[in-house]
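>>> The following comprises the amino acid sequence and a computationally predicted model.
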Amino acid sequence: MLNDIAKRPPADDLVQDLLPDSSSAYMLICGRSGIGKTFLALNILHCVAAGKPWLSHKTKQCKVGYLSFEGSDKKIAERFEKIAPSFPGAGENIYWEHSLPIPLNSKGLHKLEEIIIGCKVVIIDPMRPLVAGDYTSPKDAKIFLELLTQLQNETSTRMILLHHIRKPDRRLKVQPEDLQYEVKGAGEYVEGATTVLLLERAGQLHDAQGRFQPTNTGEKWLYAVKVKDAPTNIEPVRLKFNPDTFLFEPLTPSFKEDGW
């Protein structure tokens, strides 16, 4: 049996090491409200639509979708327009729908199938309106994840879910190792994910004399809290948000073209 498994072709990842093409796989992007989760997700979405690497992770070019449940559709459209020039031609592979909440139950399952069919990767922003019942209940979370797998199996679509963390003390940073306890609702969402990314504020740096430098609110840390399929640990990346392109750009000195 081991020999047979070894002879199988390598996994056909949609985002190298982070999102395999599997009906049970999904990515969870977490962070406090207003931290920039949507911008980060749209960065990933455009990279996949264009077949360009995202933070050095190769992507498989395919049709992608963005299903938004919150915010102004006008503002979301402006974000697409601002990002588009960095990804010429990618718009042909992008589908977007702004919708009222669609609980993922037997009725919602068919509605979602109609919306996402034909898209290989879909971002759900945010995840909570998709959870039928009480999203804090482990039982309801388990049912949701089972239906999510069914949805992905029937449509061949792979999901990237955006989710809030509990409102933390503004003075404190969320530690990656504590994310499971900081995520709003049941811990099953983190446990079931193939990959969990945490976007958090960057702390103040010190100069050569040990003095605090001014805080740049556009700088964040991206942590790969959980990655099932990565061959090695993925180091945190310091990012800076570019207001001209709406893209996060890596600042980490150790960042290399062949990986984080």
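That came through, no problem.
>>> contacts and neighbour counts: CA atoms only from here.
Fine.
>>> For the closest residue to residue 189 other than its chain neighbours, identify the helix or strand it belongs to.
Excluding its sequence neighbours, the residue lying closest to residue 189 (Cα to Cα, 6 or more residues apart in numbering) is residue 141, at 7.1 Å. For residue 141, the host element (DSSP states H and E) is helix 138-155.
>>> helices and strands around that helix, which ones?
Helix 138-155 is packed against helix 106-116, helix 188-192, with contacts defined by 3 or more Cα pairs under 8 Å, 6 or more residues apart in numbering; DSSP states H and E.
>>> Does anything pack onto whichever helix or strand comes after it? Which helices or strands?
Sequence-wise, the next helix or strand downstream of helix 138-155 (DSSP H and E) is strand 158-164. Here strand 158-164 touches strand 26-31, helix 37-50, strand 121-125, going by 3+ Cα pairs under 8 Å, 6+ apart.
>>> now stretch 49-61: how far from the chain's centre is it?
14 Å (Cα atoms, centre = their mean, to the nearest Å).
>>> Just the buried positions in it, please.
49-55, 57-61 (16 or more other Cα atoms under 10 Å).
>>> With respect to residue 199, which of these is nearest?
Residue 199 has its nearest neighbour among the buried residues of stretch 49-61 in residue 55, at 14.1 Å by Cα to Cα.
>>> the strands in the stretch 151-260 of the chain, which residues?
158-164, 195-201, 219-227, 237-242, 247-250 (DSSP state E, counting those that start in this stretch).
>>> Put together JSON lines for those, with distance to residue 102 on each row.
Putting the strands of the stretch 151-260 of the chain into JSON lines (distance: least, Cα to Cα, whole Å) gives the following:
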{"stretch": "strand 158-164", "distance to residue 102": "14"}
{"stretch": "strand 195-201", "distance to residue 102": "23"}
{"stretch": "strand 219-227", "distance to residue 102": "28"}
{"stretch": "strand 237-242", "distance to residue 102": "31"}
{"stretch": "strand 247-250", "distance to residue 102": "29"}
